[in-house]
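predicted model and sequence below, questions to follow.
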Amino acid sequence: METDNISSNFTYLGHTFSDSLSLSNSSSSAFSECNSDISGEFTSASAESRNLWLSCAAADDLIPHLISQLTSDSLDDQKQAALQIRLLAKNKPENRLKLARAGAIKPLITTLSSPDLQLQEYGVTAILNLSLCEENKDHIMLLGAVKPLVRVLKTGTSTAKENSACAILRLSHLEENKILIGKSGAIPPLIELLNNGGIRGKKDASTALYALCSVKENKIRAVEAGIMKPLIELMADIGSAMVDKAAYVLSLLVAVTVAKVAVVEEGGVPVLVELVEVGSHRQKEIAAAILLVLCEESIVYRTMVAREGAIPPLIALSQNGTSRAKKKAETLIEMLRQPRSGNGAAARDI
C-alpha cells in the first residue's frame, strides 16, 4: 500500500526543505479523538439507575442473552439488546473484548442495514464503542463492517452519521485499511457530512478524512469528490472551530497536483493569504506551508500569490513566527520576489 508523508522535499536557493508540511506535532492537537459515544437517551432518574446497573452487571451472564436478542424476531428486543450492548461497551473497557469474543460484532453489523433508524443508530454506536479496543478492529473489518458503515453515513440519523464517521476513523488507524475504506465509498459521504453536518459532524468528518487522506489514492478520491470547496469555505470562516481542521486536511491534499489545481479554482489563494495575515500562529504556519507547496513548481501560482498581497504578511511571519514558520516564510518570499528563480527547471509556467 502506498502512503504519502506530509513532507515535500525540494531545494530552493540553497535550502533543502524536507519538512515543508511537517505539521504533525501540531496537527494531532487540532483533531479531537473520537472516543466512545457521547450522546445520551436517558434523562430520568430511573433510566440513569438502569444505566448504572448495566455498567456494573455481571457481563459474562448478560452478554450471551443480549447477543441472542439481536437476532430476535421482535424489533423492540433487537433495539433493547443493541442499546444495552452499546452501554456495556461504553462504560467498561474490558466488556469490549468480551462482547467481541462472544460474537456480538456480526449481528451488530446486520443492524446497520435495518430500515429502523433507531436500531441502526444503536448498532453503529455499539460498533464504535467496540472499535475502541485495538484487538477488535481486525474482526470488525474482516466481518465486513465498512460498507454498512458507509450506508449509515449516507442514510442514518445525524447522530448515527457522526458515530459512523468516528467508527471509520477508528478502523482507519490501521494503515492497511485506509485504501479499502476509500474503495468502499466512504469519502463522498464524509465530505457531505463535512459540508452539511452540525459542528460535531463536521469535526468527526474532518478527523476521519485527515486519517484517510494520508494515502495518495484517497487524496485523489477526496479532490474528485469535491472536498476542496467545503474546505476553503471552512477556512474562510476566520475564528470558527473548523479553520485549523480544514487547513490540516488541505495540507495533506496539496501534495497531489489535482489538489493544487482545485485550490486555485475554488478561490483558495486569497483565503490562504488572509490566514497568513490574520490567523492564529498555527494557522499562519499551516497557510504558509500550503502556499509554499502550491508555489514550488508553478510560476503562474507564484505570480498569483504575490498579486494577492502575500509578501507583507509573510515578512511579518518571517520576523515573528516560530523558527520553522520563519524558514517557510523566508523561502516563499524569495520565490514570490523572483518567481523564475530557484529549483532550476522545476518551476513550470502553469
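Structure received.

for whatever helix or strand Leu317 lives in, buried residues please.
Taking DSSP states H and E as the criterion, Leu317 maps to helix 311-320. Residues 311, 313-314, 317-318 are the ones in helix 311-320 that count as buried (16 or more other Cβ atoms under 10 Å). C-beta: built from backbone N, CA, C; applies to glycine.

what sits against Cys133?
By Cβ atoms under 8 Å, 6 or more residues apart in numbering, the contact list for Cys133 reads 93, 96-97, 100.

what about these, which are in helices?
93, 96-97, 100 (DSSP state H).

separate out the buried members of those residues.
For the ones in helices among the contacts of Cys133, buried by 16+ other Cβ under 10 Å: 96, 100.

which of the ones in helices among the contacts of Cys133 scores worst on pLDDT?
pLDDT across the ones in helices among the contacts of Cys133 is lowest for Pro93, at 89.

before we move on, the earlier item: reformat the ones in helices among the contacts of Cys133 as JSON lines; add distance to Met141.
Formatted as JSON lines, those follow (distance: Cβ to Cβ, whole Å):
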{"residue": "Pro93", "distance to Met141": "20"}
{"residue": "Arg96", "distance to Met141": "16"}
{"residue": "Leu97", "distance to Met141": "16"}
{"residue": "Ala100", "distance to Met141": "12"}
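
ok, of the contacts of Cys133, which one's closest to Ala160?
For the contacts of Cys133, the closest approach to Ala160 (Cβ to Cβ) belongs to Arg96, at 19.6 Å.

residue ranges with poor pLDDT in the protein?
Counting by pLDDT under 70, the chain has low-confidence residues at 1-59, 339-350.

list the contacts for the nearest residue to Gly144 once chain neighbours are set aside?
Leaving aside its chain neighbours, Gly144 sits nearest to Ile109 (6.5 Å; criterion: Cβ to Cβ, 6 or more residues apart in numbering). Taking Cβ under 8 Å, 6+ apart, we find Ile109 in contact with 123, 127, 140, 143-145, 148.

the same query, at a cut-off of 6 Å, please.
Taking Cβ atoms under 6 Å, 6 or more residues apart in numbering, we find Ile109 in contact with 143, 145, 148.

so which of the residues you listed comes closest to Leu253?
Ala145 (26.2 Å).

give the contact list for the closest one.
Counted by Cβ under 6 Å, 6+ apart, Ala145 has contacts Ile109.

any chance you could map the strands in the stretch 1-150 of the chain?
Ranges of strands in the stretch 1-150 of the chain, per DSSP state E, counting those that start in this stretch, are 10-12, 15-17.

now for the helix with the most length in the chain, which elements pack on it?
Longest helix in the chain, counting residues (DSSP H): helix 75-91. Contacts defined by 3 or more Cβ pairs under 6 Å, 6 or more residues apart in numbering; DSSP states H and E place helix 75-91 against helix 45-56, helix 59-70, helix 93-101, helix 117-131.

looking at those, which is buried most?
helix 117-131 (a mean of 27; mean count of other Cβ atoms under 10 Å).

tilt between it and helix 75-91?
30 degrees (axes from the mean of the first three to the mean of the last three Cα atoms, to 10 degrees).

so what's the gap between helix 117-131 and the chain middle?
Its chain's average C-alpha position is 19 Å from that of helix 117-131, according to Cα atoms, centre = their mean, to the nearest Å.

what of stretch 179-187?
Distance, centroid of stretch 179-187 to centroid of chain: 13 Å (Cα atoms, centre = their mean).

ok, now stretch 322-329?
The answer for stretch 322-329 is 26 Å, by Cα atoms, centre = their mean.

also stretch 105-120?
With Cα atoms, centre = their mean, you get 24 Å for stretch 105-120.

ok, now stretch 135-151?
On Cα atoms, centre = their mean, the centre of stretch 135-151 falls 18 Å from that of its chain.

what's the end-to-end length of it?
This stretch, stretch 135-151, spans 24 Å end to end (Cα to Cα, to the nearest Å).

stretch 168-184 now?
Across stretch 168-184, first to last residue, Cα to Cα, it's 11 Å.

which residues are in contact with Ser206?
Applying Cβ under 6 Å, 6+ apart, the residues near Ser206 are 194, 245, 249.

most neighbours among these, which one is it?
Per-residue neighbour counts (other Cβ atoms under 10 Å) across those peak at Val249, which has 30 neighbours.

if I look at that residue, how far off is Ser72?
Plainly put, Val249 is 42 Å away from Ser72 if you go by Cβ to Cβ, to the nearest Å.
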